[in-house]
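> one predicted model, sequence on top.
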Amino acid sequence: MYYFQYRLASNSGFEGEYIPVATTRPETILGDTALCVHPEDERFQKYIGKNVVVPILGREIPVIADDYVDREFGTGAVKITPAHDPNDYEIGKRHDLASINIMNADASINANGGAEFEGLDRFDCRKTLWSRMEAEGLVIKEEDHVNRVPRSQRGGEIIEPRLSTQWFVKMQSLADPALDAVRNGEVRFVPERFEKVYYNWLENIHDWCISRQLWWGHRVPVWYVVEHPGEYIVARNEEEALQKAHEKYGNSTITLEQDPDVLDTWFSSGLWPFATLGWPKQTKDLEQFYPNVVMETGYDILFFWVARMIMMGIEFTGKPPFSIVYMHGLVRDGNGKKMSKTLGNVIDPLDMISDFGTDALRYTLVTGSTPGQDIPLSTEKVETNRNFANKLWNSGRYLIGNLKNCDEQEMKSLAALRASDFGTSQESVDSLLLPERYILSKLNLLIRSVSESLDEYSFGESGRQIYEFLWDEFADWYIEISKTRLNGDDLERKNDARKTLVFVLDSCLRLLHPFMPFITEAIWQRLPHDPVAEPALITASWPSNTGFVDEPALRAFGRLQALVRSIRNVRAEYQVEPAKRIAATVVTLSEHEANTIHTEAGMLNLLARIDINALNVRVQNDLEADDLTSDKYVQLVVADGLSVYLPLRELIDAEKECARLTKQLVKMEKDFEGLSRRMNAPGFADKAPPVVVTQTQQKAEELKERIAAVNIRLQQVTEMAKS
C-alpha cells in the first residue's frame, strides 16, 4: 500500500495543507479526476468542494463527498480514477466526473499520462512516478498489504481495468417482461427460493456489455464506413450492410470494415433454446419443441444463462423458452469442499467412468442431489452404485437364463404382457400365490411413488426408491422365492413366476432408465418385448401408475418376511452353520395363514434354512401348553398371533457349547475372586475414594449375577447333551 500527499490547491484557502491518500496502484494517479471523502468524516469536511493538485502533473481536481467511502479503511480519503476502476467509474457517473484513460491496450502509458511517462509500461511507470513523488516530498510511507489481484486465466497477466469502447445492450426493456413471466407463473423455479435471486438480479439490472476481444465467437454484426469515420452500419451480413450504406450515403465509393469483436458467450448461449431449432425461420422443430417445459442447470448460472434465455426468448419469439427451471447444486468432494487442484481433491469424471462405469456415476450424481443443494461426490458412493449396477445385471442374467427353455409361443406370450392387464388389474393377480401378488403390489406402489416424485422434481428420492425396491424386495426376496417355482415341477407356478419376473424387471428398467440408461437398455433388449411397438427402451412407454394394490397380500407377506427374519436372527445369534437346516414349529391363530405357510414351505427352506420334513405348522389351539413353555425350545414372537419355536438341540452343538460356557465361567469366577480380594483387603473401604469403592462393588454384583446365569445355562446345555 502506497501512502502519499494530495496537496490542496493554492487558491483553496488551505495552501500548504494536504489530504493523505493510500493506493495499491500509484500509476493510476495520472488519471485521477477527483478525491473522495465520506460526507460525515469530520477530518475532511472543510475540504469538500475545494481543489487538490494531481502529483507531478499539476492538474487541479475537486474534493467530493460520497457514502461509498469507508472511513475506517486506509486514510479515509479515496482517489477517484473513473477510467481504471469500476467502482470509481460509478462514482464518476454520479458526480459527473471526467474519465481520463491513461493506458494503451498493451498497458503502456499513453499521452494522457503526461509526456514524462508516455510509452512506459504500467509497472515501470509506477516506479518512475513514485521516485518523482519522493523527490517532491509527497511520499508518506509504504507498507505490505494483502490484495486480491485479477489475473488472466490463460496468460497469468494481471488484468488492468481500462475504459474502452464496447457494445452494450440496454436491458431494462428486456428485464421487465422476464420479471413478469415469473411473477405471473409462466416460469416457475424449483426450488422456489431461487425466485428471489432472479428478482434481485433483474430488478437491479445494468446495461450489458456484449462485445469481447476473443478469437472465436459470433462476430459483432457491425460494419464501420471507412470513408465516414465514426459512422457504422448494423446488418445481418456484409451484403446487407453495403446496401444500407449506399442507401444512406449514395452511390459513392463505400469501404466497410467489420468490428473485430465477438459477442459475449452468454449472449450467444441465450439464443440457444430457439436458434438451435432453426429460428428465425419457422421450422417444424421450432413449432414442435419451442417453448420447452423443463430447463435444468446449476444455480451458479441462474443470471448468466437462465435469465438471459428467458429475456431473449420473450424478445425474439414472444414466449418464455421453458416453464420450469430446475436448479441443481454444484458437485463438490466427499467432504463438501470445492474441488481444487491445489487441494488435490479433484475427481475426474472420466476416471470415475473408467473405474465404475457411466451408469454408476450418473446415478450417483442424480440421486445424490437435492434441488438447489450442492452434491458431495466421493469414490465410495460411486463404487456403491457400481455394485447396484452389478446386482441389476445379475438379476437380468438370472431371468434371461431361465427363459432359455421357453418355446416360441411362451416368448410371444411374455412379450405381450405389457399390452395385457397382467399385474395391473385384480383379475390378473387373483390366481397367483402370495409372493407374486405381493411383489406386483409393491411394484405398483413403487410406480405411483416414483411418478409422483418425478412430477415434483424429487429425482434423488425417485432413484432411491427404485434402488431399494430392486435390491431389497425384488433381488433379495422375490428372485430367491422364484427359484422354488422355477426349480419345481408345477408348470403353472413356473409360468406365473416367469411372467412375474419379466413384468417386474421390465417395469423397473423403465423406471430406472432415466437414471442408468446404458445398463437398463442392454438388459431390456434381451427381455421379451414387442420390437415393433417398442424398439428401444428410451422410446418405450412409462409404466401405468394405476395398477391394483392387494393390501391383504402386503400384510400377509410382511408376516412371512418377519418370520424369516426372526429365524435368521436366531441362527446368527447361536452361530448355526449356514448350510444346516433346522426344525421349526410355527404357531398361528389363522387357518388361512397356516395354509399359506405350508404352501410356501419352500421359501422357508431356502431363505431360513428350515427342514421342510421337520416343519410343523399349527393353529394355536392345537398346541399343548407344556410344549410352548419347554426349555428345549427357543420361542420367537414374530407378530400378533404368529410365533415360531425352534428346538435348542438343533441350534447348538451341546458339547462345544458346554466347553465354551465352562471356559467363560472359569474366567468370570477368576475375575470375581480378584474383586472380592480387593474389597476385603484391609483399609480398602476406608482409604479408597468412595466412587472407586462403589464402582468395585457394582462390578462384583454384576459379575455374580452373570456367573449365576451362565451356571443355569451350562446346566441346561449339559442336560441337553445327556438326552
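On my side now, so go ahead.
> for the longest strand anywhere in the chain, what is the average pLDDT?
Using DSSP state E to define each element, the chain has its longest strand at strand 610-619. Averaging pLDDT along strand 610-619 gives 92.
> which strands or helices does that strand pack on?
Contacting strand 610-619 under the criterion 3 or more CB pairs under 8 Å, 6 or more residues apart in numbering; DSSP states H and E are the following elements: strand 582-588, helix 591-599, helix 601-607. (Glycine included, C-beta is placed from N, CA and C.)
> tell me what angle it forms with strand 582-588.
20 degrees (axes from the mean of the first three to the mean of the last three CA atoms, to 10 degrees).
> could you spell out the sheet neighbours of strand 610-619, each with its direction?
Sheet pairing of strand 610-619 (DSSP bridges) gives strand 582-588 (parallel).
> contacts made by the partner strand with the rest, please.
With contact meaning CB atoms under 8 Å, 6 or more residues apart in numbering, strand 582-588 is reached by 563, 567, 571, 576, 594, 597, 604, 608-611, 614-620, 623, 627-628, 633, 641-647, 650-651.
> which of the helices and strands packed on strand 610-619 sits most buried?
Of all the helices and strands packed on strand 610-619, strand 582-588 carries the top mean neighbour count, a mean of 21, counting by mean count of other CB atoms under 10 Å.
> and it, how far from the chain's centre?
Here the centre of strand 582-588 is set off from its chain's centre by 48 Å, with CA atoms, centre = their mean, to the nearest Å.
> now that strand - C-alpha only, PDB.
Output in PDB follows, covering the C-alpha atoms of strand 582-588 (Å, rounded to 0.1, in the frame of the first residue of the first chain):
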ATOM      1  CA  ILE A 582     -33.300 -77.000  11.400                       C
ATOM      2  CA  ALA A 583     -36.700 -78.000  12.500                       C
ATOM      3  CA  ALA A 584     -39.400 -75.400  13.400                       C
ATOM      4  CA  THR A 585     -42.900 -75.300  14.800                       C
ATOM      5  CA  VAL A 586     -44.900 -72.300  13.600                       C
ATOM      6  CA  VAL A 587     -48.000 -71.300  15.600                       C
ATOM      7  CA  THR A 588     -50.700 -69.100  14.100                       C
END
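> could I get the buried residue list for the one helix or strand E240 maps to?
Following DSSP states H and E, the helix or strand that holds E240 is helix 238-249. The neighbour-count check on helix 238-249 (16 or more other CB atoms under 10 Å) flags A241, L242, K244, A245 as buried.
> which ones are touching the first one?
The neighbours of A241, taking CB under 8 Å, 6+ apart as the test, are W223, I233, V234, A235, L256.
> what's the neighbour count on the closest residue to the last one other than its chain neighbours?
Once flanking residues are discounted, L256 sits nearest to W223: 4.2 Å by CB to CB, 6 or more residues apart in numbering. By the other CB atoms under 10 Å criterion, the neighbourhood of W223 contains 24 residues.
> wait, what's in contact with W223?
So W223 contacts Y232, I233, A235, E238, A241, A245, L256, E257, Q258, D259 (CB under 8 Å, 6+ apart).
> how close does the last one sit to E239?
Taking CB to CB, to the nearest Å as the criterion, D259 is separated from E239 by 17 Å.
> test my guess that I48 contacts V37.
Yes: if you go by CB atoms under 8 Å, I48 and V37 touch, sitting 6.7 Å apart.
> ok, those two, which is more surrounded?
Higher neighbour count among I48 and V37: V37, with 22 against 16, using other CB under 10 Å.
> for the more buried one, give me phi and psi.
With angles defined as degrees, to the nearest 10, V37 sits at phi -130, psi 170.
> just to revisit the earlier point, would you mark the buried spots in the host helix or strand of the residue nearest to L256?
Assigned by DSSP H and E, W223 belongs to strand 222-225. The neighbour-count check on strand 222-225 (16+ other CB under 10 Å) flags V222, W223, Y224, V225 as buried.
> closest one of those residues to P528?
V222 (62.5 Å; CB to CB).
> next up, the contacts around that closest one.
V222 sits next to W167, Y232, I233, V234, Q258, D259 when contact means CB under 8 Å, 6+ apart.
> give me the number of residues near the closest residue to the first one other than its chain neighbours?
Looking back up the chat, that one is W167. Closest residue in space to W167, ignoring its immediate chain neighbours: S211 at 4.1 Å, by CB to CB, 6+ apart. For S211, the number of neighbouring residues by other CB under 10 Å comes to 20.
> which pair of the contacts of A241 spans the longest distance?
Most distant of the contacts of A241, by CB to CB, are V234 and L256, 11.9 Å apart.
> tell me which of the two has more neighbours.
Neighbour comparison, V234 and L256: the larger count goes to L256, with 18 against 13 (by other CB under 10 Å).
> gap between that one and W215?
The value you get for L256 to W215, if CB to CB is used, is 21 Å.
> also P531?
From P531 to W215 the distance is 49 Å (CB to CB).
> just L661 next, same as before
83 Å.
> cool, G357 as well?
Taken as CB to CB, the span from G357 to W215 is 38 Å.
> which of those two has more residues huddled nearby?
G357 (19 against 7).
> wait, D66 sits on A34?
No: D66 lies out of contact with A34 (CB under 8 Å); the separation is 9.3 Å.
> give the residues shared as contacts by the two.
I91, H95.
> neighbour count: those two, which is higher?
A34 (22 against 16).
> what's across from the more buried one in the sheet?
Beta-bridge partners, per DSSP bridges, of A34: I80.
> all numbers from here: first residue = 374
With 374 as the first residue, the last one maps to A407.
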